[in-house]
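>>> Below are the sequence and a predicted model; questions follow.
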Amino acid sequence: MWHPNAKFPEILKSASDMEKIEYFKSGFFMKHDAVNCAYEHLQELFFDSSEKDVVLVQGPTGFGKTCLSEYLMREAYKNVDVMNEQVNELPMIYVEADVLGGSKFSWKDFYSELLNAMGELQNIKIYGHPKIEGSNIGRKYLSQNRNEISLKRDFLSRVRDYGVKYIIVDEVQHIFKYGGQSGEKNMNILKGISNRSGCRFVGLGTYEISFSLDMSDQLARRVGIMDYPAYSIRRPGDVAKFSSAYSGLLAYMPIMMEPSLIKNAKAVFMGSCGCIGILKEWLGRALNMALKDKDKVLTVKHLDKTRLKNNQIKTIAEAIREGEAFFRQPGDDEIWDILGGKPEKKRNNKPSSSRGKNPGQRSPTRDKVG
Amino acid sequence: MRVIPFLNHGITPFPIRIHEGVEAESNVSLMARISWKYRMHPSKFISDVVLQNNASHGIGLGRDVANFCNSLTATSVIVTNRLEAITGKKIFWPSSFVYLSNILDRMAHGFIAKEKKWCAQCYRESMAIKRPESEAKVADELYWSLAISQYCAKHLCSLSYCCGVCYQRQPFISNKYEPGFCHYCGTSLTKAPHIICDLDGHSKSEAESYLAKMDIFIPGATEISQFDLKILSRNLRGLVEKGGADGLYTLTECFGINNMTLKDWCSYKHGVSVESL
């Protein structure tokens, strides 16, 4: 049977396999409950207040970063006047922080990515900034390529041209993952860019952000950190929300499916660790397999065959647990204790019964008697 | 053209401001300003991005570029449309002489000047305006690129055609220095030699009468939509008929053209060449 609330275009029923796969991969946008929650939280923490220049949204891998990015972009552009499907104003841009070989994060490449996101053409060479040679002499075209400073100047200039207000940086953990103090240094650079350009950053990444970023109190005040967890069995109502999102995704699959598939939510929850991104990829693989095998109906068998290996699922589950533990909020009593609200326990100077001896003094119980 | 991720709207790659103080900026001037602002080699920018013909050596920045882009050919229309697309701005002023394509002879030669001409006083005023550092300081009026243009309609002074220091004639776009500076020595073109008409009453009236003769080329001087060879032919035929047997002879005397040319105009055979005006 077709999904009772199928949402894909009718024409896809007779489309080629490639078109069906492509559609399920990138042809629709489905907003689920976790995205709504994250958006509302972001709105409150970041968009409605000017206190923070940067907000970092963290969650497990495949938790739906792309979906959240797409939702943010759609919201930002809903009021932009699109003349001939061409845009002169870019209230929000989206970039992915790339990881390259080398011992430190390449800001030069990052500026290039930002300029690309603002429509800079790739097929024509752009030269460095000209130097002023004298008060009455014109500036000369340089034949040198742009360096990091030049790229940064171009970025700042384009930000003004296009009126960019927000920059979404996907995979933001790549900026901070370099060891030592460079995580905090890079965070400072990002904050500096925000100050100079007037743009505010929304960084989306995995829990690696918090593991590799040790922020100073000054930074902590200017940078917001937001948890965007996967659906959890422990949280009441999450399984039902996940089931609803799962059913929603099935509605976009341009293939007939057996009815038991829709009721399979619990097993699917485990196979995807409650992450919608992982689930969507999984369903994509299942669809691919069904179409490749010329099966007309998507079955539980297809899902089972394309499920991640158990050790992979375990790794993701552990990362989720670690991340959630990192974000566990301390209780009021714990903070009160740290502030000195409760007298510290006096150290007992008396030697305990087990450690009351001087080094070298033998315990009589260790020696055989008789 | 790059698109916005998730939304598929194209992004205007070269947004640029309208240059304050210029009535009708030519296509060539706009391209020079874009090349400078985005620091691209002008020749490559024109061939690869504007004309999209990816010529290996780009396009000549002397007379070639003005003939292609400022005249009344089909290429000028393509260039204007393309500039609108890449800057995201509607060009509402005449940026080429395409608006005269219904009356002027497309095959006529000598319409566009061989070298750049400019008004040193307009340049001086333009350079005095504070603009973002990356932007060009000057822009050129379309009518300056005409071969017959001699005076600035705003200042009534003569247009300059060479640098005031090295006396070199200038290409329409420099690929060495920013717009407004000599292609050869880098000196400001505000220092170029020109005759200031305010000092000499005779020159002023001469400039005014010259400009009045060529008002169809100057923006705002006449209504653009009225230029049509069909209307001109009809009116000329009417005048010839009114003149009786000597009508044709009288008109040729008046216009200073020969019989054949007037007959061609009356029969709507070809357009008017600029020299005949």
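Received it, and whenever you're ready, just let me know what you need.
>>> Okay, and A:Leu291 sits in which element?
helix A:276-292 (DSSP states H and E).
>>> for the stretch 151-277 of chain B, which spans come out with low pLDDT?
Applying pLDDT under 70 to the stretch 151-277 of chain B flags residues B:198-203, B:215-216, B:219-228, B:270-277.
>>> quick one, phi psi at the residue in the stretch 1-150 of chain A positioned nearest to chain B?
Distances between the stretch 1-150 of chain A and chain B by CB to the nearest CB are smallest at A:Gly138, namely 2.7 Å. The C-beta positions use only the backbone N, C-alpha and C, and glycine is treated the same way. Phi and psi for A:Gly138, reported as degrees, to the nearest 10, are phi -70, psi 160.
>>> and it, how many neighbours does it have?
Look at A:Gly138: counted by other CB atoms under 10 Å in any protein chain shown, it has 23 neighbours.
>>> Distance of it relative to A:Pro130?
Going from A:Gly138 to A:Pro130 by CB to CB, to the nearest Å gives 9 Å.
>>> just to revisit the earlier point, summarise which helices and strands the helix holding A:Leu291 is packed against.
Contact here means 3 or more CB pairs under 8 Å, 6 or more residues apart in numbering or on different chains; DSSP states H and E; on that basis helix A:276-292 packs against helix A:17-26, helix A:65-77, helix A:238-251, helix A:265-272, strand A:297-298, helix A:300-306.
>>> per-stretch mean pLDDT over those, give me the minimum one.
Sorting the helices and strands packed on helix A:276-292 by mean pLDDT places helix A:265-272 lowest, at a mean of 86.
>>> For that helix, C-alpha coordinates in PDB please.
Extracted C-alpha coordinates of helix A:265-272, given in PDB (Å, rounded to 0.1, in the frame of the first residue of the first chain):
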ATOM      1  CA  ALA A 265       8.800   2.600  15.300                       C
ATOM      2  CA  LYS A 266      10.400   1.000  18.400                       C
ATOM      3  CA  ALA A 267      12.900  -1.000  16.400                       C
ATOM      4  CA  VAL A 268      13.600   1.900  14.200                       C
ATOM      5  CA  PHE A 269      14.200   4.100  17.300                       C
ATOM      6  CA  MET A 270      17.000   1.800  18.400                       C
ATOM      7  CA  GLY A 271      18.500   1.500  14.900                       C
ATOM      8  CA  SER A 272      18.800   5.300  14.600                       C
END
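>>> Flag every buried residue along it.
Neighbour counts using 16 or more other CB atoms under 10 Å in any protein chain shown place A:Ala265, A:Val268, A:Phe269, A:Gly271, A:Ser272 of helix A:265-272 among the buried residues.
>>> Packing partners of it?
Using 3+ CB pairs under 8 Å, 6+ apart: helix A:265-272 touches helix A:238-251, helix A:276-292, helix A:300-306.
>>> Which stretch among those helices approaches B:Asn27 most closely?
Taking CB to CB, helix A:276-292 is the member of the helices and strands packed on helix A:265-272 nearest to B:Asn27, at 48.6 Å.
>>> quick one on the thing from earlier: same list, the helices and strands packed on helix A:265-272, but as CSV with distance to B:Tyr177 and mean neighbour count please.
Formatted as CSV, those follow (distance: least, CB to CB, whole Å; neighbours: other CB atoms under 10 Å in any protein chain shown):
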stretch, distance to B:Tyr177, mean neighbour count
helix A:238-251, 59, 19
helix A:276-292, 53, 20
helix A:300-306, 62, 17
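>>> Throw the ones you listed into TSV and include distance to B:Pro193, thanks.
Formatted as TSV, the helices and strands packed on helix A:265-272 follow (distance: least, CB to CB, whole Å):
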stretch	distance to B:Pro193
helix A:238-251	75
helix A:276-292	70
helix A:300-306	80
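>>> List the contacts of the nearest residue to A:Glu208 once chain neighbours are set aside.
Spatial nearest neighbour of A:Glu208, excluding adjacent residues (CB to CB, 6 or more residues apart in numbering or on different chains): A:Gln173 at 4.0 Å. By CB atoms under 8 Å, 6 or more residues apart in numbering or on different chains, the contact list for A:Gln173 reads A:Ala97, A:Gly205, A:Thr206, A:Glu208, A:Ile209, A:Ser212.
>>> Among those, which ones are in helices?
A:Glu208, A:Ile209, A:Ser212 (DSSP state H).
>>> Run through the residues that contact the closest residue to B:Ala147 other than its chain neighbours.
Nearest residue to B:Ala147, sequence neighbours excluded (CB to CB, 6+ apart): B:Ala113, at 4.6 Å. Shown in contact with B:Ala113 (CB under 8 Å, 6+ apart): B:Arg63, B:Ala66, B:Trp144, B:Ser145, B:Leu146, B:Ala147, B:Ser149.
>>> Just to check, the first one is in contact with B:Gly110?
No - when contacts are counted by CB atoms under 8 Å, B:Arg63 is not listed as touching B:Gly110 (10.7 Å).
>>> between the two, which one's more packed in?
Neighbour totals were compared for B:Arg63 and B:Gly110, and B:Arg63 leads with 17 against 12 (other CB under 10 Å).
>>> Tell me the confidence at the closest residue to that one other than its chain neighbours?
Computed as CB to CB, 6+ apart, the closest residue to B:Arg63 that is not its neighbour in sequence is B:Lys114, at 5.1 Å. On pLDDT, B:Lys114 comes in at 89.
>>> Phi, psi for B:Lys114 please.
Per degrees, to the nearest 10, the backbone of B:Lys114 is at phi -80, psi -30.
>>> pretty sure it contacts B:Ala147?
Yes - counting by CB under 8 Å, B:Lys114 touches B:Ala147, with 7.4 Å between them.
>>> Just grab the bridge partners of the residue of chain B found nearest chain A for me.
Residue of chain B nearest chain A, by CB to the nearest CB: B:Phe181 (2.7 Å). When bridges are called by DSSP bridges, B:Phe181 pairs up with B:Ser188.
>>> which residues sit in contact with it?
Neighbour list for B:Phe181: A:Ile137, A:Gly138, A:Arg139, B:Ser174, B:Thr187, B:Ser188, B:Leu189 [criterion: CB under 8 Å, 6+ apart].
>>> so where do the strands sit in the stretch 1-150 of chain A?
A:54-58, A:86-87, A:92-96 (DSSP state E, counting those that start in this stretch).
>>> returning to that earlier point: pick the one among the contacts of A:Gln173 closest to chain B.
The nearest member of the contacts of A:Gln173 to chain B, counting by CB to the nearest CB, is A:Ala97 at 14.2 Å.
>>> Tell me how far that closest one lies from A:Ile168.
Distance from A:Ala97 to A:Ile168, by CB to CB: 11 Å.
>>> List, one by one, the residues from the stretch 51-200 of chain B near chain A.
Contact residues, the stretch 51-200 of chain B versus chain A (CB under 8 Å from any CB of the partner chain): B:85, B:88, B:132, B:134, B:175-178, B:180-182, B:186-188.
>>> Brilliant, that's me finished.
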